[in-house]
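>>> could you work out the structure for the sequence below:
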Amino acid sequence: MVKKRIRIDMEDSDGARYDIKIEGNVTREKILKIFEMMDLMNIEEEQEATNMDSVGSKIWHVVDKFFPVGEFTSTKILEKYEDEFNEPVKLSVISTYLSRFSSKGRIDRVRTGREWTYQTIKISQKQR
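Numbers count the residues shown, from 1 in each chain. Okay, here's the model as predicted:
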């Protein structure tokens, strides 16, 4: 089994710095616990003032809000997009933007059967 190593460096609004390291069997549940801890400490990622006037920015908002950790498909994004913004969008448009995000290095893309599976790239992982 390949050991994973994850390091998270953060700074809160008061200027305090946090350095979290995880080594070994890193699971989704463990990462979610770290995010819960960050939420309890009111540590949030700096939010850029996003323009929600383009389809691409709306799709990225859905990815960032609903799938910060874990895998997702274009169909899941489509469902969340329509729920979040109350407007229809074609699956091909979602797929195109996800492909662009992948080529820009914002998300990972892996072929799973007949569809692509995506995962957000936020935490750097080093494998031993």
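>>> okay, now the unreliable bits of the chain?
The chain contains residues with pLDDT under 70 at 1-2, 13, 42-51, 122-128.
>>> 90 instead?
Applying pLDDT under 90 to the chain picks out residues 1-55, 57, 64-65, 67-70, 102-106, 108, 112-115, 120-128.
>>> quick one: the strands in it, in order.
Taking DSSP state E as the test, the strands found in the chain are 4-11, 17-24, 71-72, 107-112, 115-120, 125-127.
>>> how long is stretch 81-92 end to end?
End-to-end distance for stretch 81-92: 13 Å, by C-alpha to C-alpha, to the nearest Å.
>>> ok, now stretch 102-120?
One end of stretch 102-120 sits 9 Å from the other (C-alpha to C-alpha).
>>> what does that stretch contact?
The contact list for stretch 102-120 (C-beta atoms under 8 Å, 6 or more residues apart in numbering) reads 60, 63-64, 67-75, 95, 98-99, 101, 121. Quick note: C-beta positions are derived from backbone N, CA and C, even for glycine.
>>> burial count for the nearest residue to Lys76 once chain neighbours are set aside?
In this structure, Lys76 finds its nearest non-sequential neighbour in Phe67, 7.5 Å apart by C-beta to C-beta, 6 or more residues apart in numbering. Neighbours of Phe67 under the rule other C-beta atoms under 10 Å: 18.
>>> now do the contacts for Phe67.
Here Phe67 is in contact with Lys76, Ile77, Tyr118, Thr120 (C-beta under 8 Å, 6+ apart).
>>> now Ile94
So Ile94 contacts Ile59, Ser74, Ile77, Leu78, Tyr81 (C-beta under 8 Å, 6+ apart).
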